[in-house]
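Asker: based on what follows, work out the 3D shape:
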Amino acid sequence: MRPRELDPRKLVLLTTTVLGIGFILANIALSIILFYQASQFLISSSTQVTLLFGTVLYLVASVVLVILGGFLILGGLYSYRWGAPEGIVSLGVLLGSLYLLFLGIGSILLQPGVESMLLILSAVFLMVGAAAYMSTAFDFKLTGSFMTLAGGILLATVLFNYPILRGALAEWDVPFLGPFMSMNFIEGIVMILAPAVVFTDLVVKRRREESSTHLFFPIVTLIYGMSMFIGTLYLTLNLWNILWKSPWLGPLYAAPYWVFITTVFWSVALIILTIAGILLGISSFLVFENMVRAISVEEGFAHLLPSNKFQRQSGKEQSTQDKYPSLPNLAASSSTRRGYLFTARRKEEERSKKRF
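Answerer: Model (predicted):
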């Protein structure tokens, strides 16, 4: 199939399906590993109890992300059949903020600090902002988008300075990803860009009654897809290194066999997320291509393209040639006309016209 024959809606459906499956499988594996970590704590002191509850909250957060993966698949199917799934997206943001809230409370129990407080605050801002955005009133929508932007900035501050998942898996010496399975730094940038796009879209709709999300969201998904591709691939290679060293040292040394198998399963799920990152990049590219193609045919923009200038000039020359055909073109235009102007029959017709 040639690239221009690809249907962007089908590719978006494939992307969200693969992404949702990757989220579900990766967090199922992470939940099993967190369950094993929680089972290692002895309830012999308040410190051990605190660490146990913190790890359990990380486990609950992973279960919430599994549900969010199901919402990704449902949102892609809804978008393919009926259009933009605004309600599903808002519910997904609510689930994502609940996921961050569990992570924040768990990180306070495991590693207290300013970053944990900011993580909880960002989750609250995102949750309240998503709930306000679901209202039909414009003022509530604008307030909700502004609060979501504030929550994204706070979350980005945490991601720039604190690896969230490392709190529950401190023994795993690997470069853990951000909470949404991509590189921490780039994921922080995405957490600022996505709410900013929503806020800008509301302002544009208020003034011009037209949406502007199609101009900016492909940029966000492209950045996120590249970050997911690089981050998950890098984490997979580090997990394979741990698996290779497990007979001698590392967190899997002397661990039960089912934990080893779960780690292998986790690495496979991360490969699925790597493929999802590639599909996100391809989908963003196709959206850009369709957007440029649509803009190029609009009146007022098409004359700026050099190819269209050449086509219009060629059209003018062609119309001039059609109106005033040259003698060689007229003679060569048809096999029945070839030599017709200079035959004896033509001369006889001219004489007949002069007689009358």
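
Asker: which residues lie in contact with Val12 in this structure?
Answerer: Contacts for Val12 (Cβ atoms under 8 Å, 6 or more residues apart in numbering) come out as 76, 79-80, 283. No exception for glycine: its C-beta is placed from N, CA and C like everyone else's.

Asker: what about the longest helix in this structure?
Answerer: helix 257-296 (DSSP state H).

Asker: returning to what we had before: adding neighbour count and pLDDT, write the contacts of Val12 out as TSV.
Answerer: As requested, the contacts of Val12 are exported to TSV (neighbours: other Cβ atoms under 10 Å; pLDDT from 0 to 100):
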residue	neighbour count	pLDDT
Gly76	22	85
Ser79	17	79
Tyr80	18	80
Ser283	23	85
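
Asker: and the longest helix of the chain, what's buried?
Answerer: By neighbour count on 16 or more other Cβ atoms under 10 Å, the buried set for helix 257-296 is 259, 262-263, 265-267, 269-270, 272-277, 279-287.

Asker: same deal with stretch 52-63?
Answerer: In stretch 52-63, counting by 16+ other Cβ under 10 Å, buried: 52, 54-63.

Asker: same question, stretch 156-163
Answerer: Buried residues in stretch 156-163 (16+ other Cβ under 10 Å): 156-159, 162-163.

Asker: same check, this time on stretch 24-41
Answerer: Applying 16+ other Cβ under 10 Å to stretch 24-41 flags 24-34, 36-38, 41 as buried.

Asker: tell me which element Pro251 is part of?
Answerer: Counting by DSSP states H and E, no helix or strand carries Pro251.

Asker: distance of the residue nearest to it when sequence neighbours are not counted from Leu249?
Answerer: With Cβ to Cβ, 6 or more residues apart in numbering as the criterion, Pro251 has its nearest non-adjacent residue at 4.5 Å, and that residue is Glu171. To Leu249, Glu171 is 11 Å away according to Cβ to Cβ, to the nearest Å.

Asker: do Glu289 as well
Answerer: The gap separating Glu289 from Leu249 is 50 Å, by Cβ to Cβ.

Asker: same deal with Ala61?
Answerer: Going from Ala61 to Leu249 by Cβ to Cβ gives 29 Å.

Asker: repeat that for Ile21.
Answerer: Between Ile21 and Leu249 the distance is 33 Å, computed by Cβ to Cβ.

Asker: of these two, who's got more company?
Answerer: Ile21 (19 against 10; other Cβ atoms under 10 Å).

Asker: just the pLDDT for that one.
Answerer: At Ile21, the pLDDT value in this model is 95.

Asker: thought it was touching Ile272?
Answerer: Yes: under the criterion of Cβ atoms under 8 Å, Ile21 makes contact with Ile272 at 6.1 Å.

Asker: okay, domains of this protein per the record?
Answerer: Recorded structural domains for the chain (assignment: automatic domain parsing) are 3-301, 303-355.

Asker: going by mean pLDDT, which of these comes out lowest?
Answerer: Among the domains of the chain, domain 303-355 carries the lowest mean pLDDT, a mean of 49.

Asker: check contacts around Gly188.
Answerer: Going by Cβ under 8 Å, 6+ apart, Gly188 touches 155-160, 178.

Asker: now the closest residue to Phe185 other than its chain neighbours: how far from Leu95?
Answerer: Closest residue to Phe185 apart from its sequence neighbours, by Cβ to Cβ, 6+ apart: Phe160 at 6.2 Å. For Phe160, the distance to Leu95 equals 24 Å [Cβ to Cβ].

Asker: ok, now Phe140?
Answerer: According to Cβ to Cβ, Phe140 stands 20 Å off from Leu95.

Asker: higher neighbour count, the two?
Answerer: Neighbour count, other Cβ under 10 Å: between Phe140 and Leu95, Leu95 has more, with 19 against 14.

Asker: that one and Phe71 touch, don't they?
Answerer: Yes: contact between Leu95 and Phe71 holds when scored by Cβ under 8 Å: they sit 6.4 Å apart.

Asker: now Ser246: closest residue in space that isn't a chain neighbour?
Answerer: Nearest non-adjacent residue to Ser246, counting by Cβ to Cβ, 6+ apart: Leu252, 3.8 Å away.

Asker: now do the contacts for the one you found.
Answerer: Residues near Leu252 by Cβ under 8 Å, 6+ apart: 242-243, 245-246, 259-260, 263.

Asker: any chance of the residues you listed in CSV, plus distance to Ile189?
Answerer: Output for these, formatted as CSV (distance: Cβ to Cβ, whole Å):
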residue, distance to Ile189
Ile242, 29
Leu243, 32
Lys245, 33
Ser246, 35
Val259, 34
Phe260, 36
Thr263, 30
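
Asker: quick one: which two of these are the most distant?
Answerer: Greatest spacing in those, by Cβ to Cβ: Lys245 and Val259 (14.4 Å).

Asker: what about Phe176, how many neighbours?
Answerer: Applying other Cβ under 10 Å, I find that Phe176 has 18 neighbouring residues.

Asker: which element is it on?
Answerer: Under the criterion DSSP H and E, no helix or strand holds Phe176.

Asker: surely it meets Leu235?
Answerer: Yes: here Phe176 reaches Leu235: they are 7.2 Å apart, a contact under Cβ under 8 Å.

Asker: list residues touching both of Leu95 and Phe71?
Answerer: Between them, Leu95 and Phe71 share no contacting residue, judged by Cβ under 8 Å, 6+ apart.
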